[in-house]
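Peer 1: Any chance you can model this:
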Amino acid sequence: MNYVATIGLETHVQLRTRSKIFCGCSTAFGAEPNTHVCPVCLGLPGAMPVLNREAVRLTVISGLLLGCRINGSSKFDRKNYYYPDMPKNYQISQYDRPLCLGGGVEIRTGAGPKTVHLTRIHLEEDVAKNLHFDRSSGIDFNRAGTPLMEIVTEPDLSTADEAFEYLQALKQILLYGGVSDCNLEEGNVRCDLNVSVRPEGSPTLGVKVEIKNMNTFKGVHRALTYEIRRQIDVKLRGGSLVQETRRWDDEAGVTESMRTKEQAHDYRYFPEPDLMPVVLDEATIEAWRATLPELPAARCERFVREYGLPEYDAGVLTADKALADFFESAAKASGNFKAVSNWIMTDVMRVLSERGVAIASLPLTAAALAGLVALVDRKTVNMPTAKEVFAELIDKGGDPDEIVKRRGLGQVSDAGAIEGFADQAIAAHPGPAAEFRAGKAPALQFLIGQVMKLSRGKANPQLAADVLRRRLGGGT
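Peer 2: Predicted coordinates:
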């Protein structure tokens with residue numbers, strides 16, 4: 001019997017605010033433990049929450065980007081549970097009246113585009129971070145109270161590949177919207193997985209298993225791949241699955257049971273008495289809608305249409321908003337759109353990958369790249385020399401024209417000088433010269449290389465080829 005999987009994701013995204021959701025403490029990452037705290041985020045008796053308006057705005061912006069219906073009247077609720085990382089013994093969250101309802105994310109699959117529908121997006125406070133050492137544990141409350149947006153999908157996903165594509169597409173949209181840094185290393189994005197299997201063709205969903213607290217997209221893919229296989233193996237052996245919560249052991253590559261349904265918490269939701277409902281008028285929502293950026297898919301289509309780029313190039317460039325912005329600035333300054341694209345997709349992206357940095361971290365500016373393209377287009381420098389100039393721009397920045405003048409890198413296009421280099425190359429290499437005269441065209445490339453060597457890479461290669469052909473006669 002063939003089995004198919006059904007997957008739903010709950011993605012927790014930290015919002016890009018300077019302060020926490022209910023107090024003025026900083027959300028900056030990397031501070032010493034327990035230094036960004038106050039009576040509110042520590043849950044001390046008598047401390048009262050005050051809602052961060054920017055957290056609401058960013059959540060609504062996310063909902064608008066994802067096609068959600070914005071709830072004009074939403075409220076906060078207390079989700080009651082006890083863990084060491086929850087300072088109040090309850091979490092302020094949203095239960096039955098979240099900020100955003102519906103919506104969806106389009107992903108690419110082998111069978112074509114697919115829409116992953118969303119159930120809701122709600123806003124809540126993040127918990128603290130547990131720290132485990134050899135003989136003790138500690139809690140860092142700096143993260144407690146950070147605005148956290150939870151995006152819940154319908155059970156529309158069927159494979160680990162689809163889940164991975166969904167998370168990548170979601171991250172891309174949120175980065176374009178500027179609502180989150182989506183830095184997985186800093187815990188900005190975490191995910192809970194709900195997965196079940198059922199016989200192919202059966203309308204009844206199988207027993208749901210939850211996998212908690214995934215913090216890498218590759219980990220999500222590996223965990224789902226393992227868990228789907230585990231559940232199918234249980235069913236094929238005639239066993240029964242139980243509704244439970246499991247954890248992913250990335251080192252061992254397995255999921256492990258944490259608790260079953262009988263051990264699950266009763267959260268006893270009730271309306272948060274210390275916060276008023278959130279009421280959004282249509283004018284406010286429309287004002288926020290007017291600030292929405294162009295989304296990646298639309299930008300990709302425009303790059304193809306407006307800049308004449310191949311679809312592949314446009315897809316690569318628009319995958320990262322900062323990179324797409326850099327391309328557009330350089331392309332508009334240059335006018336040679338394909339050349340700018342080629343430089344970014346080869347040399348710039350290679351450097352970014354090697355150094356593990358973002359485009360904003362490089363000294364290279366869009367104007368400098370456009371200037372470098374212009375130098376090549378005007379034949380002021382040849383491509384090998386342009387690579388030298390690029391290396392300095394990447395490391396130190398600067399103006400490409402000034403670098404060429406300072407280092408004397410201008411291309412030699414003087415016919416007399418190149419004729420002298422050509423005569424030296426022919427005299428030093430009579431064999432290739434004879435081969436070219438005999439009709440062996442590849443020999444010319446060798447001689448051009450010798451001219452370039454004699455000119456220290458400054459000769460105009462096309463002019464060198466023309467001079468050599470005239471000097472040698474014959475050939476092709």
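Peer 1: For the rest of this, base every contact and every neighbour count on C-alpha atoms.
Peer 2: Fine.
Peer 1: for this protein, which strand is longest?
Peer 2: In the chain, taking DSSP state E as the definition, the longest strand is strand 112-125.
Peer 1: Buried residues of that strand, list them for me.
Peer 2: If you call a residue buried by 16 or more other Cα atoms under 10 Å, then strand 112-125 has these buried ones: Lys114, Val116, His117, Leu118, Thr119, Arg120, Ile121, His122, Leu123, Glu124, Glu125.
Peer 1: again, but for stretch 420-431
Peer 2: Phe421, Ala422, Asp423, Ala425, Ile426.
Peer 1: how many neighbours does Thr260 have?
Peer 2: Number of residues near Thr260 (other Cα atoms under 10 Å) recorded here: 14.
Peer 1: now do Pro203
Peer 2: With other Cα under 10 Å as criterion, Pro203 counts 8.
Peer 1: Contact partners for it?
Peer 2: Not one residue lies near Pro203 by Cα atoms under 8 Å, 6 or more residues apart in numbering.
Peer 1: All the strands of the stretch 1-150 of the chain, in order from the start?
Peer 2: 3-14, 69-70, 73-74, 77-80, 90-93, 100-101, 104-109, 112-125, 129-132, 137-140, 147-153 (DSSP state E, counting those that start in this stretch).
Peer 1: Which one of those strands lies nearest to Pro33?
Peer 2: The closest of the strands of the stretch 1-150 of the chain to Pro33 is strand 137-140. By Cα to Cα, the value is 5.1 Å.
Peer 1: Send me the closest one as PDB with only the CA atoms.
Peer 2: Extracted C-alpha coordinates of strand 137-140, given in PDB (Å, rounded to 0.1, in the frame of the first residue of the first chain):
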ATOM      1  CA  SER A 137      21.600  25.300  33.300                       C
ATOM      2  CA  GLY A 138      20.700  28.900  33.100                       C
ATOM      3  CA  ILE A 139      18.100  31.200  31.500                       C
ATOM      4  CA  ASP A 140      18.800  34.300  29.500                       C
END
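Peer 1: which other helices and strands contact it?
Peer 2: strand 129-132 (3 or more Cα pairs under 8 Å, 6 or more residues apart in numbering; DSSP states H and E).
Peer 1: still on that earlier bit, out of the buried residues of strand 112-125, who's nearest Asp85?
Peer 2: Using Cα to Cα, those come closest to Asp85 at Glu125, 11.9 Å.
Peer 1: Give me the most central residue, the protein.
Peer 2: Geometric centre of the chain, nearest residue: Gln172, 5.4 Å, by Cα atoms, centre = their mean.
Peer 1: pretty sure it is in a helix, no?
Peer 2: Yes: according to DSSP: H, G, I helix; E, B strand; the rest coil, Gln172 belongs to a helix.
Peer 1: could you check the distance from it over to Tyr3?
Peer 2: Distance check for Gln172 against Tyr3: by Cα to Cα, to the nearest Å, it reads 32 Å.
Peer 1: likewise Asp401?
Peer 2: Look at Asp401 and Tyr3: by Cα to Cα, they are 64 Å apart.
Peer 1: now do Val60
Peer 2: On the measure of Cα to Cα, Val60 and Tyr3 end up 38 Å apart.
Peer 1: Mind checking which of these two has more residues around it?
Peer 2: Val60 (26 against 18).
Peer 1: my read: the more buried one touches Ile70, true?
Peer 2: Yes: taking Cα atoms under 8 Å as the definition, Val60 is a contact partner of Ile70 at 6.8 Å.
Peer 1: which residues do these two both contact?
Peer 2: With Cα under 8 Å, 6+ apart, Val60 and Ile70 have common neighbours Leu99, Cys100.
Peer 1: can I get the buried residues of stretch 420-431 in a markdown table with pLDDT?
Peer 2: As requested, the buried residues of stretch 420-431 are exported to a markdown table (pLDDT from 0 to 100):
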| residue | pLDDT |
| --- | --- |
| Phe421 | 80 |
| Ala422 | 84 |
| Asp423 | 86 |
| Ala425 | 85 |
| Ile426 | 88 |
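Peer 1: Give me the subset of these that lies in helices.
Peer 2: Here DSSP state H is the test, and the buried residues of stretch 420-431 give Phe421, Ala422, Asp423, Ala425, Ile426 as lying in helices.
Peer 1: Show residues contacting stretch 466-476.
Peer 2: Under Cα under 8 Å, 6+ apart, the answer for stretch 466-476 is 415, 418-419, 422-423, 433, 436-441, 444, 447-448.
Peer 1: Which secondary structure elements does the host helix or strand of Gln450 sit against?
Peer 2: Using DSSP states H and E, Gln450 sits within helix 442-454. Where contact means 3+ Cα pairs under 8 Å, 6+ apart, helix 442-454 is packed against helix 415-428, helix 430-437, helix 461-472.
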